[in-house]
Structures are given as C-alpha cells and as structure tokens.
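Peer 1: the amino acid sequence is not available; the structure is as follows:
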C-alpha cells in the first residue's frame, strides 16, 4: 500500500466524521508480517500524524507468528498502542491439518517459535483459533495447549462459509450438540484455572447476560451490519463497509463489493452509489427480519451480512451456521454455566 493510499484512507475517514474518540486500525488479511517492521513504522507514523488530537488510536496486527523475531518484538515493544493477535489452532493434530506451507508441511513449529519470542519479550498477545468439527473433540487438549504456551486470551472463530470457502466441516448434523459440549467443558476448565484463558466470545456473552436489559443500548446492532462502523481498504485504495470479509471477493448480486476508492471518493460519495444503497437496503432488511423472528436478537443485533450472503445467498436472510453456534448455542451454554455452581471466568 503506497503512502498516497495510506494518507488518503485516514483522511477520508477523518473528514467523513465517522471517527470518534477511539479508532482501531487493523492490519489483517493475508500475512501482514511479510512486510518488515520498518514499513509499519513508516506507515503508522503517516496514519497517526493525520488523526486529530484527542483520538485514541490503536493498531492491531493479526499474524500466523511464523515471521516473529527479535526485530519484530523490539518494534512492538516501542509502540505501546500496538496489539498482536496470533492465529494458531492448537496442537499439531489440529493446527497442522489445516495450516500448511506450499509444500504441505505443517506450520505449528514455526508458529510456536514466534509465540515463544512474544513470551520472551513479555509482549501481551491474544490467540485466534479456528474451530473445525475435529476441534470439538479436544477441549482439554486445547486448554492445555494454551496453558503450556502462555496464551492468556483466546477467541474461537468457527469455520465459516465465506467467499471461496464454500463448505464447512461444521455442517455435520450433530455439530450443535458437540459445540455446546465443547464450550461447556472448556468453560469448566477456565473456571478451574481461575479464569485462564479469557475466552473472547464467552466474556462478551457473560457481560450481556449479566447486564440488565434496561441498561443495554436501545438499538443493539452487530458492528458488521452498521454502515461505516468498519471500513475495509484494499491495497489499491478500493474500500467497502459492513463485514470486512467482503473486501477482495466478488458476487453475482453486488460485484466485488467495492463502493469507492479513497484516492478519488469520499465516504459520502460512496454512500450515494447504487451498490452501497443496494447493500445497505438488503442488510437492513435482514436485520429487521432477525429482529422480528429471533429471541436472541438482543444478544446478536442482526447478524453478520457476509455470513448471511455466503451461507444463504441473501443479505435479507436470517439464521446462519455462524449465529446458531456463536450466538444461540453460546448464549445458552453461558446461561447454564452461570446458573450452575460456577463463577464467571475472570476478565
């Protein structure tokens, strides 16, 4: 991404008025660390300098950890507002089954070397683990893996149907039963180990369950279906909003989902395009359909448009595999957990 695109991207966001008191800039998709620390040092300086005073800016890099070394760790330590997330799927039987080099070799050993570097430099980080059907058999082994490797925070991403990934192992008929059993057992292990690791999804679910309904926002929305809450910018400056997974893929109904280019278009210009208006209208219809039909709406806010489109073929649709597991089943498990003789895992 050129300096010109970087500067234009942050300028468009600031000029649009969508930037509030907090701004998170996420370096994601592909493997960000193929570019060296010096590139990020320069890029972050460009971005940070163009954000108005008083805005709290956080940068977040999601990496497979294979390229983390001393130079990277020194760079992270010099920037206290830089967060690191590591994509790692657990023991070799799980991780190496899906995350391979081009020669077919598993990548866990390289990822663990990177994680070891983060721990050596005492750099806080979180992990994201993709749960497949096979993963659901290994709650104890996954918990032990996180403990052994100093992973104190984890997010569980279910294997989703999105873009070119047209199938998921979680479509098996007994997935919901296995997912519930997995989460129930994993939360028991967290409870036994004094809240470690913190589970992103459960932490959020516990918070919502324990917050009185009267104190929740009246217009509960998933950030993926609220326009301009997330803006995704491609390397050439093309941008879109809503689900970040929409950038870089194409569809019959909405083309490549790009609604403008930061080098020539403001967000207001993009909002007036037929593509944005079609996307926004269909997504809003899907949110309203969820509101009218789903008892979990107050915990979900209408779901993720990308999942609806790539699973069901329509942004106007409602239930997806993603919401059945990460919203409905998870909320049920967390409710049951709180009514049993368990304390809420510590945040």
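Peer 2: Arrived safely, thanks for sending. Computed from a prediction, not measured in an experiment: that's the story for all the values here.
Peer 1: what pLDDT does residue 345 get?
Peer 2: The confidence metric pLDDT takes the value 56 at residue 345.
Peer 1: in this protein, which spans are strands?
Peer 2: 22-27, 56-63, 82-87, 126-131, 153-158, 198-199, 231-233, 238-241, 260-261 (DSSP state E).
Peer 1: to residue 250, which of those strands lies closest?
Peer 2: strand 238-241 (11.8 Å; CB to CB). Using the backbone N, CA and C atoms, a C-beta is placed for each residue, glycine as well.
Peer 1: returning to that earlier point: ranking the strands of the chain by burial, who's on top?
Peer 2: strand 238-241 (a mean of 24; mean count of other CB atoms under 10 Å).
Peer 1: and it, what does it pack onto?
Peer 2: Judged by 3 or more CB pairs under 8 Å, 6 or more residues apart in numbering; DSSP states H and E, strand 238-241 is in contact with strand 231-233, strand 260-261.
Peer 1: hmm, who's touching stretch 188-205?
Peer 2: 126-127, 139-140, 143, 146-147, 151-156, 183, 186-187, 299, 326, 330-331, 334, 342-343, 345-347 (CB atoms under 8 Å, 6 or more residues apart in numbering).
Peer 1: what do you get for stretch 14-28?
Peer 2: 13, 40, 44, 47, 50-52, 54-62, 228-229, 231, 244, 266-268.
Peer 1: what do you get if the cut-off is 6 Å, keeping everything else the same?
Peer 2: The contact list for stretch 14-28, computed with CB atoms under 6 Å, 6 or more residues apart in numbering, reads 13, 55, 56, 57, 58, 59, 60, 61, 62, 228, 267.
Peer 1: where does the stretch 201-347 of the chain have low pLDDT?
Peer 2: Low-confidence regions of the stretch 201-347 of the chain, defined by pLDDT under 70, span residues 212-219, 341-347.
Peer 1: show me where it has helices.
Peer 2: Using DSSP state H, counting those that start in this stretch, the helices of the stretch 201-347 of the chain run over residues 267-271, 274-293, 297-300, 305-312, 321-323, 330-339.
Peer 1: please identify the deepest-packed of the ones you listed.
Peer 2: The most buried one of the helices of the stretch 201-347 of the chain (mean count of other CB under 10 Å) is helix 305-312, showing a mean of 24.
Peer 1: just the angle for it relative to strand 153-158, thanks.
Peer 2: On the basis of axes from the mean of the first three to the mean of the last three CA atoms, to 10 degrees, helix 305-312 is oriented at 30 degrees to strand 153-158.
Peer 1: residues in contact with helix 305-312?
Peer 2: Contacts of helix 305-312 (CB under 6 Å, 6+ apart): 161-162, 225, 242-243, 245-246, 283, 286, 315, 317, 320, 322.
Peer 1: residue 168 - nearest residue in space that isn't next to it in sequence?
Peer 2: residue 159 (4.6 Å; CB to CB, 6 or more residues apart in numbering).
Peer 1: go on, residue 220?
Peer 2: residue 301 (4.4 Å).
Peer 1: picking that back up, could I get the contacts of stretch 14-28 in a markdown table, plus columns for distance to residue 32?
Peer 2: Converted to a markdown table, the contacts of stretch 14-28 look like this (distance: CB to CB, whole Å):
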| residue | distance to residue 32 |
| --- | --- |
| 13 | 19 |
| 55 | 22 |
| 56 | 22 |
| 57 | 17 |
| 58 | 15 |
| 59 | 11 |
| 60 | 10 |
| 61 | 5 |
| 62 | 7 |
| 228 | 23 |
| 267 | 24 |
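Peer 1: closest to residue 4 among those residues?
Peer 2: residue 13 (15.3 Å).
Peer 1: for that closest one, grab the count of nearby residues.
Peer 2: A count of nearby residues for residue 13, using other CB atoms under 10 Å, gives 22.
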